[in-house]
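**Q** just to be clear, the model below is a prediction. Sequence and coordinates:
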Amino acid sequence: MHDRNVFWKGVCVKPAASLSIAWKTLAGGRNLGLLATVILVLLLVSLVSPQFLSVDNLLVVALQVSFVGIASLGMACLIISGNIDLSIGSQYALCAVAAAMLAKVVPSPLAWIAGVALGALLGLADALMVWRIRISPIIITLGTLTIFRGLALRLTNGFGVRGVPESFSVFGRARWLDVPMPVWMLLILAVLAHVVMHSTRQGRHLFAYGGNPQAAQAAGIDGKRMVLAIFTLNGALIGLCAVLAASRFGTAAPTFGVGFELDVIAAVILGGVAFTGGEGTVAGVLLAVVLLGVINSGLISVGVDPHYAQVVKGIALIVAVGLDQVTQEQQERHRKKLAMHERSQAA
């Protein structure tokens, strides 16, 4: 992931203010486009399957997307910072089986906490290697993807965890106002993520570091601390997803989370988070998560082979990356025009 100059008040570099305003307008336009697409897909599916828009069915869709949504919040922070973690699917499996196995020997609340804590430790392990070895996080986390999945398989001998007490299922199956707990967790975490990313100094530092790490560190931002914190936070969110899933199902298997990282990355990139770092919004990510979930559930509801949902996700990811690349090229051309204009005026 290469460096790009971005503007954040009081943090780093100095592109023209007009460029920042233009980009904010573009980001808002993408979110409106995603919202319009979600509404359009809902209407199209409801024409073929009217029961799709029932409250019960929409709650099921919300429950299905909540796990990807929670993980997408952490992945969005990672990619905005100029990093990525391909091992989250394997972290998901390892945390789930570890929490389920612990629940058989310790009180269930301790097992839930341990699952989240294990996720944080796995994220921290990735962060330490990314920072210390100084090679692409893609390579590092591709290796830990295999390591964590292998550990999950070794712990369970390849089988699902059995004999999990009923008390372990309380967390994942809880409902408030008839809304499942995973959905509430997604909503609460999304609000917190939005506030932190867009209204705090730490959030401005995150965007500044992702846009240009060298300039950000020169401005006094501690890059090492940021990388360690973001990977650890991402791991904790994956651990939370794993605990919620294992608790809801009342069991866990080492096959949990296969392909999970692709679903999460597709949602994050489609939601407007630039793969090269430094740009993105929580609202865009949530809209993309909902869109992919509605498409997946809608295809099944109208009787289409569910495997086509994977095709749609792949197409959406390619289109999103393509749009991001076109946007960056347009920004670069605009930046060069501004620089040439300023130089001509100075002369």
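**A** Noted; the coordinates are in hand.
**Q** only C-alpha atoms for contact and neighbour calcs from this point on.
**A** Will do.
**Q** what helix or strand does the residue most central in space within the chain sit in?
**A** In the chain, the C-alpha closest to the average C-alpha coordinate belongs to S72, at a distance of 1.6 Å (CA atoms, centre = their mean). Per DSSP states H and E: S72 is located in helix 55-80.
**Q** helices or strands next to that helix in the packing?
**A** Packing partners of helix 55-80 (3 or more CA pairs under 8 Å, 6 or more residues apart in numbering; DSSP states H and E): strand 179-180, helix 181-199, helix 201-211, helix 223-249, helix 260-270, helix 282-301.
**Q** need these in CSV with mean pLDDT, mean neighbour count and distance to L317, can you?
**A** Shown next, in CSV, are those (pLDDT from 0 to 100; neighbours: other CA atoms under 10 Å; distance: least, CA to CA, whole Å):
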stretch, mean pLDDT, mean neighbour count, distance to L317
strand 179-180, 91, 18, 29
helix 181-199, 92, 17, 22
helix 201-211, 88, 25, 21
helix 223-249, 93, 25, 21
helix 260-270, 89, 25, 5
helix 282-301, 87, 23, 11
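**Q** may I see these organised as CSV, with distance to L128 added?
**A** Shown next, in CSV, are the helices and strands packed on helix 55-80 (distance: least, CA to CA, whole Å):
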stretch, distance to L128
strand 179-180, 35
helix 181-199, 23
helix 201-211, 18
helix 223-249, 7
helix 260-270, 20
helix 282-301, 26
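**Q** wait, which of those is closest to V170?
**A** helix 223-249 (6.9 Å; CA to CA).
**Q** the closest one to helix 55-80, inter-axis angle?
**A** What separates the directions of helix 223-249 and helix 55-80 is an angle of 160 degrees, with axes from the mean of the first three to the mean of the last three CA atoms, to 10 degrees.
**Q** and the angle from helix 223-249 to helix 201-211?
**A** Relative orientation of helix 223-249 versus helix 201-211 (the same axes, to 10 degrees): 110 degrees.
**Q** just want the angle from helix 223-249 to helix 181-199.
**A** Comparing the axes of helix 223-249 and helix 181-199 via the same axes, to 10 degrees yields an angle of 160 degrees.
**Q** remind me what the longest helix along the chain packs against, helices and strands.
**A** Secondary structure of the chain per DSSP state H: the longest helix is helix 308-346. Helices and strands touching helix 308-346, by 3+ CA pairs under 8 Å, 6+ apart, are helix 17-48, helix 260-270, helix 282-301.
**Q** go through those and name the closest to A309.
**A** Judged by CA to CA, the one of these that comes nearest to A309 is helix 282-301, at 5.2 Å.
**Q** ok so, going back, which among the helices and strands packed on helix 308-346 is found nearest to A219?
**A** helix 17-48 (19.0 Å).
**Q** report the mean per-residue pLDDT for the closest one.
**A** For helix 17-48, mean pLDDT rounds to 67.
**Q** ok, back up a step: among the helices and strands packed on helix 308-346, which is nearest R132?
**A** Per CA to CA, nearest to R132 of the helices and strands packed on helix 308-346: helix 260-270, 23.6 Å.
**Q** and the longest helix of the chain with helix 260-270, angle?
**A** 40 degrees.
**Q** picking that back up, tabulate the helices and strands packed on helix 308-346 (TSV), appending distance to T251.
**A** Listed next are the helices and strands packed on helix 308-346 as TSV, based on distance: least, CA to CA, whole Å:
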stretch	distance to T251
helix 17-48	33
helix 260-270	18
helix 282-301	24
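**Q** show me what the helix or strand just after the helix holding S72 is packed up against.
**A** Downstream of helix 55-80, the next assigned helix or strand under DSSP H and E is helix 88-102. For helix 88-102, the elements it packs on are helix 108-133, helix 137-156, helix 223-249, helix 260-270, judged by 3+ CA pairs under 8 Å, 6+ apart.
**Q** list the contacts of the closest residue to G314 other than its chain neighbours.
**A** Leaving out its chain neighbours, the residue that sits closest to G314 by CA to CA, 6 or more residues apart in numbering is A266, at 7.6 Å. Contact analysis of A266 by CA atoms under 8 Å, 6 or more residues apart in numbering lists K313, G314, A316, L317.
**Q** out of those residues, which are buried?
**A** Listed as buried from these are K313, A316, L317; burial here means 16 or more other CA atoms under 10 Å.
**Q** find the residue closest to the second one in space, skipping its chain neighbours.
**A** What that stands for is A316. Closest to A316 by CA to CA, 6+ apart is L270, at 6.8 Å.
**Q** so the one you found is in contact with V285, correct?
**A** Yes - if you go by CA atoms under 8 Å, L270 and V285 touch, sitting 7.3 Å apart.
**Q** which residues do those two both contact?
**A** Counting by CA under 8 Å, 6+ apart, L270 and V285 have no contacts in common.
**Q** low-scoring stretches of the stretch 1-150 of the chain, by residue?
**A** 1-30 (pLDDT under 70).
**Q** burial check on A114, number of neighbours?
**A** A count of neighbours around A114, defined by other CA atoms under 10 Å, yields 20.
**Q** which ones are touching it?
**A** Listed by CA under 8 Å, 6+ apart, the contact partners of A114 are A99.
**Q** okay then, goodbye and thanks.
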